[in-house]
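Student: pasting the sequence and the predicted model now:
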Amino acid sequence: MSDYNGYDVIASVYNRFNGATDYKKWTEYLVNCFGRFTDSSSGTPRISSVLELGCGTGNITAELAKLGYDMTGLDSSFEMLAVADKRMRDEGLSDVLLIRSDMAEFELYGTVDAVICCLDGINHLYRRDDLLACLWLVSNYLNDGGLFIFDLNTPYKFKTVYAGRDYIFDDEGSTCLWQNCLSKKGDVCDFIMTVFEKDAGDPQGRWTREDGVIRERAYGLKTVRKALEDNGLEIVNISEDLDFSPVTETADRWFIAARKNKVKNRGLGK
């Protein structure tokens, strides 16, 4: 999918600089989706096994595991998964399976009842072929009637919020410089990051520096809907927030729930 190493660079500071994210609220939304949109007549009477694509440091994977779901977390960043693995061990969540793999190329041991991808993970599939490949795999590993729940940063957000803005995140012993570089068309944004961390073991108090880039692409709803349908996935809900509020023209994020039909996917992602 990507040779961009941004998440490897920010793995050690990700949870500190992402502290405003309410993971319990995200988890509540996902559980509500499991209850609202699972169709027992389609083959999946209830959600039990869940795959999280782009699980990162495992915040949502851990929250769902605590609720009794059979969790698998997948991410392409070794460093992010190392943080996730430590968290699972620290919290006694020994049954969680963590897999290092690309969202557009992964393999599982069997099917699952639901696939989730939170915090704009699908936007990271900046090549359209990778988007199709990912959706083919999602459909392939979903049980009939299973759910694919994900969110997207909208084209509106790319052009009005991302734009060309720069940010500085500062915490004791860590600083992250973040620069947005939006393409001329406004559909691709590179997040260029530099992370400085104080070396606690250095008697001279020196700092280390790492640089990385994360790339996202904005997809329109029409494109996403067609890609889902081509792979046997039908949208059953779109909202602009975790409270299921209706979508408006100024939505900066779409929350989408899709259900796998019994009809076998067409394999367009391959």
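Tutor: Now that the structure is in, tell me what you want to look at.

Student: can you show me the helices along the stretch 51-200 of the chain?
Tutor: 59-66, 78-90, 128-141, 155-157 (DSSP state H, counting those that start in this stretch).

Student: what stretches of the stretch 101-250 of the chain score poorly on pLDDT?
Tutor: Within the stretch 101-250 of the chain, no range satisfies pLDDT under 70.

Student: if we use 80, what do you get?
Tutor: Across the stretch 101-250 of the chain, the ranges flagged by pLDDT under 80 are 171-173, 200-201, 205.

Student: show me where the stretch 151-270 of the chain has strands.
Tutor: Along the stretch 151-270 of the chain, counting by DSSP state E, counting those that start in this stretch, strands occupy 166-171, 174-182, 188-198, 207-217, 233-239, 253-260.

Student: same question for the stretch 1-150 of the chain.
Tutor: For the stretch 1-150 of the chain, the strands defined by DSSP E, counting those that start in this stretch cover 49-53, 70-75, 97-100, 112-117, 142-153.

Student: distance to F37 and mean neighbour count added to those strands, as CSV?
Tutor: C-beta here means a position set from N, CA and C on the backbone, and glycine is covered the same way. Listed next are the strands of the stretch 1-150 of the chain as CSV, based on distance: least, CB to CB, whole Å; neighbours: other CB atoms under 10 Å:
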stretch, distance to F37, mean neighbour count
strand 49-53, 14, 25
strand 70-75, 19, 24
strand 97-100, 25, 16
strand 112-117, 10, 26
strand 142-153, 6, 23
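
Student: quick one: end-to-end distance for stretch 157-164.
Tutor: Taking CA to CA, to the nearest Å, stretch 157-164 runs 12 Å from one end to the other.

Student: now do the buried residues in it.
Tutor: K157, F158, Y162 (16 or more other CB atoms under 10 Å).

Student: R217 versus the last one, what's the distance?
Tutor: From Y162 over to R217 the distance is 12 Å, taken as CB to CB, to the nearest Å.

Student: follow-up on the earlier one: most tightly packed of the strands of the stretch 151-270 of the chain?
Tutor: With neighbours taken as mean count of other CB atoms under 10 Å, those reach their highest mean count in strand 253-260, at a mean of 24.

Student: that one pairs with which strands, parallel or anti?
Tutor: Looking at strand 253-260 with DSSP bridges, its partner strands are strand 142-153 (antiparallel), strand 233-239 (antiparallel).

Student: for it, C-alpha coordinates in CSV please.
Tutor: Output in CSV follows, covering the C-alpha atoms of strand 253-260 (Å, rounded to 0.1, in the frame of the first residue of the first chain):
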residue,chain,number,x,y,z
ARG,A,253,-15.8,13.0,8.4
TRP,A,254,-18.2,10.3,7.1
PHE,A,255,-19.0,7.3,9.3
ILE,A,256,-20.1,4.4,7.1
ALA,A,257,-21.5,1.0,7.9
ALA,A,258,-21.8,-1.5,5.0
ARG,A,259,-23.1,-5.1,5.1
LYS,A,260,-21.9,-8.0,3.0
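
Student: please find the angle between the direction vectors of that strand and strand 112-117.
Tutor: Strand 253-260 and strand 112-117 are oriented at 160 degrees to each other (axes from the mean of the first three to the mean of the last three CA atoms, to 10 degrees).
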